[in-house]
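Trainee: coordinates for the following, if possible.
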Amino acid sequence: MNASPKPIAPAPRFSDAILDQGNEISTKLDMLRMERFPPNAQKTLRTFSLAEVAGFIDVSPSYLKKLHLQGKGPQPATTATGRRYYTADQIDALRETIDRSPRRRPGEKLQVISVVNFKGGSGKTTTAVHLSQYLSLRGFRVLAIDLDPQASMSALFGIQPELDSNPSFYEALRYDDERRSVTEIIQQTNFPNLNIVPANLELQEYEYDTPIAMQRRDSNAGKLFYTRIGQALAEVDDQYDLVVIDCPPQLGYLTLTALTASSSVLITVHPQMLDIMSMSQFLLMLGGILKSVEGVGVNVSLDWFRYLITRYEPGDIPQQSMVGFMQSMFAEQMLKHQMVKSTAISDAGLTKQSLYEVERAQFTATTYDRARETMDNVNNEIVTLINRVWGRPDE
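Mentor: The predicted structure follows:
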């Protein structure tokens, strides 16, 4: 006689299951992080080759060699084979030696660049991190702002968002009496000239607080929510040349507040049909909301906005078609260079590093060089746009 089948255990509630699995993933990731990057660790920065330094300062390598041989400027570390390597601080010292500082001059305004996209996975954070680091290596004073509650930019700078000692930009945006000055939240990074306002999940509170503040009759703060980032940046206007904001991948109050404080906008686009369809919806929604904001007297005026093709695979025919499709419509608003997909970029991210931090020797030379070339080309094109706004067309 067959035994009766055992009753099937009831499936765990979905809410309980995802909480358990989320905790398990978080615990395992925390263990990996503690092994590779303990809480008391400080990110350092590698030295840069003569060729890299020449590119950042915009002089020839032979000119820098001549300076070294004449004993002018900082003395680089020199290998047995005669290769010269400079620290990031020494790059700044070299600029002072030859009087090539690119910093703001009297009458030139602070430039605020927001990097946006409605959809995750477009390379938005990767773009914002590399752009802010490149600008600092070129000698600009840069403030990076992580406005995404997921805090990916903060993590890439070695900041652990879950630690209570790391406040977010929410502290400078909140509507209650606990609002703090942005100067209390800014942190230094391992790059000279580059500071950051980190993020954490608390930033999401701004999305909930703003509509409540807008409904309060006794307060204009909510009605003027779109001025809050601009007001915060006014406190440090004289300390920076450029601000790079990594916006969240959604069209909420955080993104709108960033856009109304921006002087320029970079829209990252992955050249796939679904991504471009999503972007079109983002643009339609954004345009409608900005019209409403302008209707209450706010002038959203940009010096420039550009589309940046990211994670581009030149040999992919459908991607080529999508790039051509966009160029046929928005040729003037598209950056001429694309951010090519590279294993060097993704592999560097595994260790919370950028292309400007990892050692070339960790990769196949051609892989690293190709990735650096495409990254530098994109970032240098943005520097050209910045200089045009400042009335420096020849720099």
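Trainee: helix or strand for residue 278, which one?
Mentor: helix 273-295 (DSSP states H and E).
Trainee: which strands and helices sit next to that helix?
Mentor: When contacts are defined as 3 or more CB pairs under 8 Å, 6 or more residues apart in numbering; DSSP states H and E, helix 273-295 packs onto helix 253-261, strand 264-269, helix 317-330. For glycine as for every other residue, the C-beta is placed from the backbone atoms N, C-alpha and C.
Trainee: same list (these) but as TSV, adding distance to residue 61 and mean pLDDT.
Mentor: Formatted as TSV, the helices and strands packed on helix 273-295 follow (distance: least, CB to CB, whole Å; pLDDT from 0 to 100):
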stretch	distance to residue 61	mean pLDDT
helix 253-261	39	91
strand 264-269	30	91
helix 317-330	34	85
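Trainee: find me the pLDDT at the most centrally placed residue in the chain, would you?
Mentor: In the chain, the C-alpha nearest the mean C-alpha coordinate belongs to residue 128, at 2.1 Å (CA atoms, centre = their mean). The confidence metric pLDDT takes the value 97 at residue 128.
Trainee: of all the helices and strands packed on helix 273-295, which lies closest to residue 172?
Mentor: For those, proximity to residue 172 was assessed by CB to CB; helix 253-261 is nearest, at 11.2 Å.
Trainee: which helices and strands sit right next to the closest one?
Mentor: Counting by 3+ CB pairs under 8 Å, 6+ apart, helix 253-261 packs on strand 111-116, helix 205-215, helix 228-234, helix 273-295.
Trainee: what's the nearest residue to residue 50 if we skip its chain neighbours?
Mentor: residue 84 (4.5 Å; CB to CB, 6 or more residues apart in numbering).
Trainee: quick one: the strands in the stretch 101-250 of the chain?
Mentor: Shown for the stretch 101-250 of the chain, the strands assigned by DSSP state E, counting those that start in this stretch span residues 111-116, 142-146, 187-188, 194-197, 242-246.
Trainee: may I see the ones you listed organised as a markdown table, with distance to residue 344 added?
Mentor: Formatted as a markdown table, those follow (distance: least, CB to CB, whole Å):
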| stretch | distance to residue 344 |
| --- | --- |
| strand 111-116 | 21 |
| strand 142-146 | 21 |
| strand 187-188 | 27 |
| strand 194-197 | 21 |
| strand 242-246 | 21 |
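Trainee: residue ranges with poor pLDDT in the stretch 101-250 of the chain?
Mentor: 119-120, 162-164, 217-223 (pLDDT under 70).
Trainee: try it again at 80.
Mentor: The model of the stretch 101-250 of the chain has pLDDT under 80 over residues 118-122, 160-166, 216-224.
Trainee: quick one: the helices and strands packed on helix 273-295 as a markdown table, columns for mean neighbour count and distance to residue 181 too.
Mentor: Supplementary listing: the helices and strands packed on helix 273-295 in a markdown table, determined by neighbours: other CB atoms under 10 Å; distance: least, CB to CB, whole Å:
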| stretch | mean neighbour count | distance to residue 181 |
| --- | --- | --- |
| helix 253-261 | 23 | 16 |
| strand 264-269 | 23 | 25 |
| helix 317-330 | 13 | 39 |
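Trainee: contacts made by stretch 345-360 with the rest, please.
Mentor: With CB atoms under 8 Å, 6 or more residues apart in numbering as the contact definition, stretch 345-360 has outside contacts at 36-37, 43, 45-46, 126, 129-130, 133-134, 137, 155-156, 158, 190-191, 344, 362-363, 368-369, 371-372, 375.
Trainee: meant to ask about stretch 312-329, not that
Mentor: Here stretch 312-329 has contacts from 269, 271-273, 276, 307, 309, 334, 338-341, using CB under 8 Å, 6+ apart.
Trainee: surely residue 243 meets residue 111?
Mentor: Yes - counting by CB atoms under 8 Å, residue 111 is a contact partner of residue 243 at 7.2 Å.
Trainee: residue 73 touches residue 92, doesn't it?
Mentor: No - Residue 73 is beyond contact range of residue 92, at 10.6 Å (criterion: CB under 8 Å).
Trainee: that's all I had, so thanks and see you.
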